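Colleague: this is a predicted model, with the sequence first.
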Amino acid sequence: MLRPYVLPDTDALLQIWLDASVQAHHFVPRAFWEGQLEAMRIVYLPASETFVFEQHATVEGFISLLGETVAALFVAPASQGMGIGSRLLDYAKQRSARLELKVYSANESAVAFYQRSGFSIVAHGEDEHTGATELTLQWLAATS
C-alpha cells in the first residue's frame, strides 16, 4: 500500500535509507551516510513530500519529492527487486509531467533502473559532499 509519510515512520525510513545507501554506494564510506542521519531526520524528510510503501504493516520503501525533483527513492535491501521502487516512481510520475533526480554514476543498477523507467541523462557533475561523479536524469511525460 502506498500512503503519505507520517512522523512515526521516521525511524523505519532512516534505517531503510542508511541500509540501502551503504549497500548501493560501496564507493562512499559508511561513516559518511551515518553522519547524514540527523540531517535526514530534521532537514530533508520534513522539507519534502514523502510517500511510503507499506506491506504487512512494515514500511519497505519510500520516495521523497521536492516539487519535480525526486530527492530520495529507497527500498529496503531485502525488498529490492520486487517492484516496490517502480511502484513508488510510477506514483510520482502520476503527480507530475516532469521529474528530475541525481544519482551517482557508479551506482550502475540505479542508473539502469531509472533509464528503464524512462529517464534520460541530461547532465554530469560532481557531488559536492563526496566528490563522486553524479548524473542528472530527467523524465518527461509523453505529450499527445
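Modeller: Yep, that arrived.

Colleague: pLDDT score assigned to G131?
Modeller: On pLDDT, G131 comes in at 89.

Colleague: for the residue nearest the centre of the chain, grab phi and psi.
Modeller: With distances taken as CA atoms, centre = their mean, the residue of the chain nearest its centroid is L73 (1.7 Å). In this entry, L73 is assigned phi and psi values of phi -150, psi 110 (degrees, to the nearest 10).

Colleague: wait, isn't it in contact with S86?
Modeller: No: in this structure, L73 is not within contact of S86 by CB atoms under 8 Å, at 10.0 Å. From N, CA and C alone the C-beta is placed, and that goes for glycine too.

Colleague: give me the buried positions along the lengthiest helix in the chain.
Modeller: Criterion DSSP state H: the longest helix present in the chain is helix 10-24. Residues T10, A12, L13, L14, I16, W17, L18, D19, A20, S21, V22, A24 are the ones in helix 10-24 that count as buried (16 or more other CB atoms under 10 Å).

Colleague: with stretch 54-71 instead?
Modeller: V59, E60, G61, F62, I63, S64, L65, V70, A71.

Colleague: who's in contact with it?
Modeller: 1-3, 5, 9, 12-13, 16-17, 44-45, 47-53, 72-76, 79, 84-85, 88-89, 91-92, 95-96, 98-101 (CB atoms under 8 Å, 6 or more residues apart in numbering).

Colleague: one more: stretch 137-144?
Modeller: 93, 96-103, 111, 114-115, 117-122.

Colleague: in helices, which of these fall?
Modeller: K93, V111, Y114, Q115.

Colleague: ok, those vs W33, which is closest?
Modeller: V111 (19.1 Å; CB to CB).

Colleague: verify the stated contact: that closest one with L135.
Modeller: Yes: using CB under 8 Å, V111 is in contact with L135, at 6.5 Å.
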